[in-house]
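Chemist: let me see the structure of the following:
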Amino acid sequence: MMIKKEAVGMNKRICTAAAVLALTMCTVHAEAVYNLDEVIVEADMDKVRDAFGDIVTEQSYARTGGDVEVITRKEIEEKHFQNITDAVRRVPGVYINDMGYHGGEYDGGPYSQQVTINGDGHVVVLLDGRRLDNQASNPSGGQSSSSGNGSIVPLHLITSIGNIEKIEVIKGPGSSVYGGDASGGVINIITRKGSVRPSTTVDLATGSWRKHTYGIAHSGSADQGKWSYFAVLNREMSGDTHYKDGDMGKNYIYYGTKYKDDSAAVRIDRNFDRDRFVSFSFNYTNNWDGYPVVPRDYRYADRFFSGQVNIDSAAGKKHGPINPGFRNKWWYHGVLGDYTTSITRNLDVTWQFKKDHDLPSYVRIFRTRNDYSDAWIKNYTYPNYTPSGNVTPAQIQDWLKTYTGGFSVSSYQERSNGLDFQFGKNIGINNILFGMTVSHDYYRRVNPSARTRASISRNMFTSYLQDKLKIGDNFEITPGLRYIHSDDYTVKNGGGKDISPSDSSVSHLSGMLSTRYKLDDTLSLYASWAQVFRAKRVTDYDATLEPLDDEKGNVYNIGLKKKIGSRTSLDINFSYLKMDNAIGAYSVEDASTATGTKSYAMNASQSKRALNIGIDHRFNENWRLGISYSYVKTRYHAKHFTTVPDGSGTSLDDLLSKQIPMNSYQFDLGYDKGKFSADFLTSIYSGNDENFFTNKRFVVSDLTLNFKITDSTSVYLVGNNLWNTAWENRYYYHMGKGAFPQPGRRFLIGINTRF
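Modeler: Numbering: from 1, shown residues only. A predicted model of the protein is given here:
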């Protein structure tokens, strides 16, 4: 085993955290007993909260304080979210960066979904507390942003919305349980369990653009509750979506964006008593998604057909003002019907053998399978991306036949097998958690036409130790340590030759400290510090601009929760991230390459400041209002370069720093009386840099209406983007601004019944 120098020479903050942890463990003879089960119920908030005002979930035993949002099953049913992405997108401080359609590429680059929390892409996604990332996956460096996400699976492909009990969104690192790479935060998806009484739910809906959704779920128990079960089937499908073009101000069909997503899940529990059970859980998704790449740039459609978009020359390879309409060379992918397919399977078997004051002890075996393929109906051949000269429609067809190749498919496979172990123990005022995970992660890319298979594999070991210490009734402090060891990457190219990077094993110890203090029954404060560590991924070893280093830094959080009277609550959170070394990545045009593009990654320093302010007020038993404001300012500074190396003079710091809105506001008005309920949400994104977005401000509103016909049957109407705003949340240097429009105004009407 190779131990890197950083792990041997722990800095002073690690030593401090270790010392605090040791001291807290010395207090085990104290007579006070802290019961983590003690909670209070805020009925008007419809959420369970502890004495500090923090929302309690099945996983909250692992964290202390922090800025946490919980999306409950009740909210999911009342607001009729179609998938996880729809639900999480509404959380203040969370920014879903996507292309505006379901399909996309596997590699984590510019054509795949990315999630940031408080402007930080280091976000860990959990399913019932288990990490879903694969350390052998092969993400692309093509996106002009920090490459922080470990998982390449979009949120909406993890499991169906019908299978979710809660979604816990933790802003900031939260706990040593989650890892030193979770500086942005954690999205923990908690699935549903069987009910005591048998129950079946059917949900049907139809709407704009031939969208249809179908869902059926059944829950129940047997043998006087010793066995419980839950099963769900869902389908979500749509024709080509529509959008409003931010440059033209007109509505267009987004050809090639149709999709069909199927999912199924089952969970079976054998309950021995309140604290001990064995659980079997299986989640499956099967998705067919159109992949149009980008829509046509209608400002320069004629240039394409007249051959003025000529990429065969070095000058023509550049985008933007040098070659207006550049992205039109991809227009036909959507028209011809290119698509992607994906199948995900997550299997977990968990034995919880003990629970001590809400601290569970368990063993879990997991197995994850993700398969993805992309199909190019007409794959263009270089260098003839576009027809040249003044051509007729007939000549365009001849060009398509001659220079766009036949059906092309690439497939990718991810595999992860492993074991989780956790032991929790309450001794006096100490609430100790120890856990570890061992896993084997595997990735393979298959090229059927070339009959080649390239693969990457890696063995991982992680462990954590933390102690949630309660001092009196009003103060908690939780020191924690996390250790990670990764074996060397094993990499084989398509011909089976070993091309593994040398010296790629990693061992690292990181620490964190979190605390919260209740001043009185209406006000509590919290603060945390954590070290950030993200080991280089396999693609980082191939960087051509400069050798890359592991990502390291520190993140700090401070906040308060205040009750103002009986009807109003205030939450304020400020976070500061300081990365001594971050990896910045972007893609530019390069005439020297076979494809005309090249990706670069470089070492950079990074600083980020984020502020979240939330106010919830209930006017009476029927009306409520939630107002939130989120501010993010990120600044990258490339250590050895100042401009993009393509001769354009574009600032690297600007390219890496200004691709999300600086400000976002939310106004959420709710009404609930008798058989009728409604929710109206308006989101405002401002401070957009107009070098990267088509407008410096976007206003997007959504409406949900529910009416109960009977106690068991209700009908609903959902309207999204009511003002038909032309907006986007992604910029890609290669395509220019406005290349990823979000869907326009749309409606969905449905019925839900239970029996």
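Chemist: and the closest residue to Ser439 other than its chain neighbours, what element?
Modeler: Distance criterion CB to CB, 6 or more residues apart in numbering; nearest residue to Ser439, sequence neighbours excluded, is Gly418 at 3.1 Å. Every residue, glycine included, has its C-beta placed from N, CA and C. Element membership of Gly418 [criterion: DSSP states H and E] is strand 408-427.
Chemist: mind listing what's buried along that strand?
Modeler: By 16 or more other CB atoms under 10 Å, the buried positions in strand 408-427 come out as 408, 410-416, 418, 420, 422-427.
Chemist: before we move on, the earlier item: report pLDDT for the residue nearest to Ser439.
Modeler: Looking at Gly418, its pLDDT stands at 97.
Chemist: that one pairs with what?
Modeler: Gly418 has these beta-bridge partners by DSSP bridges: Phe366, Ser439.
Chemist: now do stretch 620-633: distance to the chain's middle.
Modeler: The chain centre lies 23 Å from the centre of stretch 620-633; the measure is CA atoms, centre = their mean, to the nearest Å.
Chemist: contacts for it, please.
Modeler: By CB atoms under 8 Å, 6 or more residues apart in numbering, the residues outside stretch 620-633 that reach it are 44, 92-93, 118-119, 608-619, 660-673.
Chemist: distance between stretch 664-682 and the chain's centre?
Modeler: Distance, stretch centre to chain centre, for stretch 664-682: 25 Å (CA atoms, centre = their mean).
Chemist: that older thread, now which of the contacts of stretch 620-633 would you call buried?
Modeler: When those are checked for burial by 16+ other CB under 10 Å, the buried set is 92-93, 118-119, 608-616, 618, 660-666, 668-670.
Chemist: just the helices in the stretch 201-350 of the chain please.
Modeler: In the stretch 201-350 of the chain, the segments counted as helices under DSSP state H, counting those that start in this stretch are 301-305, 332-336.
Chemist: so which of those helices is the most packed in?
Modeler: helix 332-336 (a mean of 20; mean count of other CB atoms under 10 Å).
Chemist: let me see the mean pLDDT of it.
Modeler: 79.
Chemist: keeping just the C-alphas, turn that helix into PDB.
Modeler: What follows is helix 332-336 as a C-alpha-only set of coordinates in PDB (Å, rounded to 0.1, in the frame of the first residue of the first chain):
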ATOM      1  CA  TYR A 332     -29.600  17.000 -38.400                       C
ATOM      2  CA  HIS A 333     -29.000  14.700 -35.400                       C
ATOM      3  CA  GLY A 334     -32.300  15.700 -33.900                       C
ATOM      4  CA  VAL A 335     -34.100  15.600 -37.200                       C
ATOM      5  CA  LEU A 336     -32.800  12.100 -38.100                       C
END
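Chemist: sorry, back to before: and the helices of the stretch 201-350 of the chain: which comes nearest Val177?
Modeler: helix 332-336 (42.4 Å; CB to CB).
Chemist: contacting residues around Asn573?
Modeler: So Asn573 contacts 67, 171-172, 557-559, 611-613 (CB under 8 Å, 6+ apart).
Chemist: mind listing the strands for the stretch 451-600 of the chain?
Modeler: For the stretch 451-600 of the chain, applying DSSP state E, counting those that start in this stretch gives strands covering 452-471, 475-486, 490-492, 506-520, 523-534, 551-564, 568-589, 597-618.
Chemist: the last one vs strand 523-534, what angle?
Modeler: Calculated by axes from the mean of the first three to the mean of the last three CA atoms, to 10 degrees, strand 597-618 forms an angle of 170 degrees with strand 523-534.
Chemist: could you please name the strands strand 597-618 pairs with and the direction of each pair?
Modeler: Strand 597-618 sits in its sheet next to strand 568-589 (antiparallel), strand 623-638 (antiparallel), going by DSSP bridges.
Chemist: please report the distance of Glu77 from Arg192.
Modeler: Between Glu77 and Arg192 the distance is 12 Å, computed by CB to CB, to the nearest Å.
Chemist: for stretch 249-256, buried residues please.
Modeler: Within stretch 249-256, the residues that count as buried by 16+ other CB under 10 Å are 254-256.
Chemist: stretch 124-138 now?
Modeler: Within stretch 124-138, the residues scored as buried using 16+ other CB under 10 Å are 124-138.
Chemist: now it: how far from the chain's centre is it?
Modeler: Using CA atoms, centre = their mean, the offset of stretch 124-138 from its chain centre is 11 Å.
Chemist: mean confidence (pLDDT) on that stretch, please.
Modeler: Stretch 124-138 shows a mean pLDDT of 87.
Chemist: gap between the most centrally placed residue in the chain and Thr85?
Modeler: Centrality entry for the chain: nearest residue to the mean C-alpha point is Val115, 4.0 Å, by CA atoms, centre = their mean. Distance of Val115 to Thr85, given as CB to CB: 9 Å.
Chemist: shared neighbours, these two?
Modeler: Residues touching both Val115 and Thr85 by CB under 8 Å, 6+ apart: 96, 155.
Chemist: next SSE after the helix or strand containing Ile684?
Modeler: Using DSSP H and E, Ile684 sits in strand 676-686. The C-terminal neighbour of strand 676-686 among helices and strands, as given by DSSP H and E, is strand 697-708.
Chemist: put the alpha carbons of that next one into PDB.
Modeler: Only the C-alpha atoms of strand 697-708 are listed here, as PDB (Å, rounded to 0.1, in the frame of the first residue of the first chain):
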ATOM      1  CA  ARG A 697     -32.400  37.700 -16.000                       C
ATOM      2  CA  PHE A 698     -34.800  34.700 -16.300                       C
ATOM      3  CA  VAL A 699     -38.300  34.500 -14.700                       C
ATOM      4  CA  VAL A 700     -39.900  31.100 -14.600                       C
ATOM      5  CA  SER A 701     -43.200  30.300 -12.900                       C
ATOM      6  CA  ASP A 702     -45.000  27.000 -12.100                       C
ATOM      7  CA  LEU A 703     -48.500  26.200 -10.900                       C
ATOM      8  CA  THR A 704     -50.100  23.200  -9.400                       C
ATOM      9  CA  LEU A 705     -53.900  22.700  -8.700                       C
ATOM     10  CA  ASN A 706     -55.400  19.800  -6.800                       C
ATOM     11  CA  PHE A 707     -59.100  19.000  -6.200                       C
ATOM     12  CA  LYS A 708     -60.300  16.000  -4.200                       C
END
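Chemist: circling back: Ile187 is nearest to which of the helices of the stretch 201-350 of the chain?
Modeler: When those are compared by CB to CB, helix 332-336 sits nearest Ile187, at 30.0 Å.
Chemist: what's that closest one packed up against?
Modeler: Here helix 332-336 touches no other helix or strand, going by 3 or more CB pairs under 8 Å, 6 or more residues apart in numbering; DSSP states H and E.
Chemist: switch to numbering from 146
Modeler: Understood, numbering begins at 146; the last thing we discussed is helix 477-481.
Chemist: mind checking how far it is from the chain centre?
Modeler: Mean C-alpha position of helix 477-481 versus that of the full chain (CA atoms, centre = their mean) differs by 28 Å.
Chemist: what does stretch 415-431 give?
Modeler: What separates the centre of stretch 415-431 from the centre of its chain is 25 Å, taken as CA atoms, centre = their mean.
Chemist: for stretch 816-835, same thing?
Modeler: Stretch 816-835 sits 22 Å away from the centroid of its parent chain (CA atoms, centre = their mean).
Chemist: before we move on, what about stretch 892-900?
Modeler: Averaging C-alpha positions (CA atoms, centre = their mean) puts stretch 892-900 28 Å from its chain's average.
Chemist: for Thr486, find the nearest of the strands paired with strand 742-763.
Modeler: strand 713-734 (24.8 Å).
Chemist: now the angle from that closest one to strand 696-709?
Modeler: Between strand 713-734 and strand 696-709, the angle comes out at 150 degrees (the same axes, to 10 degrees).
Chemist: might one say that the residue nearest to the centre of the chain is in contact with Gly266?
Modeler: Yes: contact criterion CB atoms under 8 Å: Val260 and Gly266 qualify, at 7.3 Å.
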